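Undergrad: Would you be able to build a 3D model of this:
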Amino acid sequence: MTDTLISTDVLIVGAGPTGLTLAIDLARRGVDFCIIERAESPSTASRAKTIQPRALEVADDLGVIDRVLELGKVHVPTRHYDRDRVLSEAVSTALGMPDPGVPYAPVWLSQPMFEQILRDRLAELGGRIEWGTEVTAVTQTADAVEASLRTAAGEQSVRARYVVGCDGGRSVVRKQSGAALEGVSYGEHRWWLGDVHITGLDRHCQHVWMSPENGILSLFPLPSTDLWQFQASIPADDSDPAAPTLELFRRLFTEHTGLTDVTIDDAGWLSLYRINVALVDRYRVGRVFLAGDAAHVHSPAGGQGMNTGIQDAYNLGWKLAAVVDGAAESLLDTYELERRPVAQAVLDDSTSRLHALMRSAGNGSGATAVAGLTDDFTTGLTISYSESPLTAAEPGDARVRAGDRAPDAIGVDASTGERVRVFDLLRGPQWTLLTFDDGTPATAKPAHDPLLGPVRTIRITRDPNTTGPATILDSDGSIHRNFDVSGPATLLVRPDGYIATREPAAG
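TA: Here you go, the predicted model:
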């Protein structure tokens with residue numbers, strides 16, 4: 001047995017989507033970190049399968065969007081049945097329409113494949129996951145956290161400036177920190193889940209049966225695999241549901257459908273899922289932070305759990321990096337102030353969607369119910385930090401205000417003549433100052449603490465005769481329209497793509 005002391009700036013516990021997002025963000029910022037995972041190897045269970053538009057914008061910034069779009073699928077239709085009779089097949093209009101300010105519609109991609117994309121990106125940046133490493137104790141002092149680890153090689157200790165628990169709903173870090181997960185269990189809403197092979201069904205769409213007698217059965221083809229995700233609701237009056245097995249799944253399929261030429265075999269991941277809805281009382285306990293399922297546990301309705309965790313990590317990463325580099329410790333308090341209200345809103349929304357879904361299953365109105373499970377809220381694009389201490393209050397009634405997400409748009413690089421997206425300008429770990437003008441460069445600049453990180457200044461002008469570096473021609477006015485800017489203005493955009501300040505600028 002060994003007892004090795006490792007020192008680092010940030011210890012990340014958990015290598016799921018939340019922990020991997022945080023690790024990538026810290027790696028590209030040059031922050032020293034360790035990421036550990038209790039499991040011996042990556043999970044193959046499909047679990048989450050929807051990446052929402054805002055999380056896709058995070059993927060864009062982190063450099064993995066191309067791979068996500070390559071392996072995932074957009075606009076998977078849903079086919080509804082009454083036994084063997086097709087009732088309808090459609091893509092919900094809520095899944096996103098072409099919009100230059102919103103470049104991505106939701107993408108269907110299983111969680112294991114998304115995690116592999118993130119692991120590959122982390123490896124490109126020089127990061128490494130310590131598998132088979134479990135936290136057993138966490139203690140704090142005034143200037144550090146010491147975590148005791150159990151590994152195959154023996155006991156180890158890590159001394160870190162900060163620890164982030166991304167270790168799921170049964171988080172050891174949360175329990176060790178003293179934070180409390182508070183919520184309710186919807187014991188009547190339980191599901192049999194699994195990854196199976198199916199022959200005889202079209203893979204271009206999701207297949208759904210909903211009836212008062214049998215409840216809900218959903219079969220979803222997981223993109224870039226030969227697997228289907230099997231989901232079946234458990235009757236509320238079943239006090240002792242059977243363990244999920246391949247034989248059970250076959251029987252459920254027969255009960256729900258009248259299809260005789262479909263076979264189900266090779267069940268992989270199998271689960272009996274009980275729905276809990278809970279939120280931690282604190283996101284920060286001294287030098288320990290909680291993110292993802294360690295901080296909030298959701299109903300699966302609306303596909304929000306993984307996406308909310310990704311955005312937790314994206315919010316926290318740049319703040320940890322800034323404090324490690326000398327920014328005030330109080331910056332880290334804004335993590336909870338900004339993210340906990342978002343989680344509360346998501347919990348409330350996903351719970352109401354779950355109840356709506358189960359009610360509609362009871363009266364047979366399945367097509368309408370499923371179509372209503374995705375809307376503008378679930379995209380994550382409406383999240384605003386307008387009440388944050390990092391957001392400067394502003395006069396006026398602009399449609400895009402300080403605290404809101406910066407939209408995308410298309411302009412022309414004045415130096416090269418090439419088309420360029422606003423997201424290309426924002427990509428990276430820095431702050432970005434966008435100065436808008438009609439010919440004369442703006443001179444007023446919002447105050448910025450240099451300890452929060454570097455600032456890249458980009459001039460956006462409607463003057464077609466302007467040339468020079470870091471200048472974007474907005475010839476058709478699309479950038480001005482998407483940001484709702486009509487005159488000279490400066491907008492300071494945070495590293496996570498949210499507008500911190502919006503001010504009129506002196507020409």
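Undergrad: Low-confidence ranges, this protein, go.
TA: For the chain, the stretches with pLDDT under 70 are 1-4, 92-98, 187, 301-303, 354-374, 444, 506-507.
Undergrad: Report all helices and strands that the longest strand anywhere in it contacts.
TA: Counting residues, the longest strand in the chain under DSSP state E turns out to be strand 181-199. Judged by 3 or more Cβ pairs under 8 Å, 6 or more residues apart in numbering; DSSP states H and E, the packing partners of strand 181-199 are strand 228-234, helix 246-256, strand 263-265, strand 270-280, helix 333-363. C-betas here are computed from N, CA, C, even on glycine.
Undergrad: Using CSV, write out every CA atom in the second one.
TA: Put plainly, it is helix 246-256. Extracted C-alpha coordinates of helix 246-256, given in CSV (Å, rounded to 0.1, in the frame of the first residue of the first chain):
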residue,chain,number,x,y,z
LEU,A,246,-34.6,-9.1,-22.1
GLU,A,247,-37.6,-11.4,-21.6
LEU,A,248,-39.5,-8.6,-19.8
PHE,A,249,-38.8,-6.2,-22.6
ARG,A,250,-40.1,-8.7,-25.2
ARG,A,251,-43.3,-9.2,-23.2
LEU,A,252,-43.8,-5.4,-22.8
PHE,A,253,-43.3,-4.9,-26.5
THR,A,254,-46.0,-7.6,-27.2
GLU,A,255,-48.4,-6.0,-24.7
HIS,A,256,-48.0,-2.5,-26.2
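Undergrad: what angle separates it from strand 228-234?
TA: What separates the directions of helix 246-256 and strand 228-234 is an angle of 70 degrees, with axes from the mean of the first three to the mean of the last three Cα atoms, to 10 degrees.
Undergrad: Buried residues of helix 246-256, list them for me.
TA: 246, 248-250, 252-253, 256 (16 or more other Cβ atoms under 10 Å).
Undergrad: That one packs against which elements?
TA: Counting contacts by 3+ Cβ pairs under 8 Å, 6+ apart, helix 246-256 packs against strand 181-199, strand 215-221, strand 228-234, strand 263-265.
Undergrad: angle of that helix against strand 270-280?
TA: Going by the same axes, to 10 degrees, helix 246-256 makes 90 degrees with strand 270-280.
Undergrad: what does helix 246-256 rub up against?
TA: With Cβ atoms under 8 Å, 6 or more residues apart in numbering as the test, helix 246-256 has contacts from 192, 194, 196, 209, 211, 214, 217, 230, 232, 242, 259, 262, 264-267.
Undergrad: Can you spell out the domain ranges of this structure, please?
TA: Domains of the chain are assigned by automatic domain parsing as 2-72+105-183+276-371, 185-274, 410-504.
Undergrad: Return the most buried member of those.
TA: Of the domains of the chain, the one with the most neighbours on average (mean count of other Cβ atoms under 10 Å) is domain 2-72+105-183+276-371, at a mean of 20.
Undergrad: what about it, distance to the chain center?
TA: Counting by Cα atoms, centre = their mean, to the nearest Å, domain 2-72+105-183+276-371 is centred 9 Å from the centre of its parent chain.
Undergrad: and the longest strand of the chain, C-alpha only, in CSV?
TA: Taking Å, rounded to 0.1, in the frame of the first residue of the first chain, the C-alpha atoms of strand 181-199 are listed here in CSV:
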residue,chain,number,x,y,z
LEU,A,181,-29.7,17.4,-1.3
GLU,A,182,-33.3,18.3,-0.7
GLY,A,183,-36.3,17.1,-2.8
VAL,A,184,-39.0,14.6,-3.4
SER,A,185,-39.3,11.1,-4.9
TYR,A,186,-42.0,10.5,-7.5
GLY,A,187,-42.3,6.8,-6.6
GLU,A,188,-45.3,6.3,-8.8
HIS,A,189,-43.3,7.4,-11.9
ARG,A,190,-40.8,4.5,-12.6
TRP,A,191,-39.4,3.3,-15.8
TRP,A,192,-37.7,0.2,-17.3
LEU,A,193,-34.8,1.3,-19.4
GLY,A,194,-32.2,-0.5,-21.5
ASP,A,195,-30.1,-0.6,-24.6
VAL,A,196,-31.1,-3.3,-27.0
HIS,A,197,-30.8,-4.5,-30.6
ILE,A,198,-34.0,-4.5,-32.6
THR,A,199,-34.7,-5.8,-36.1
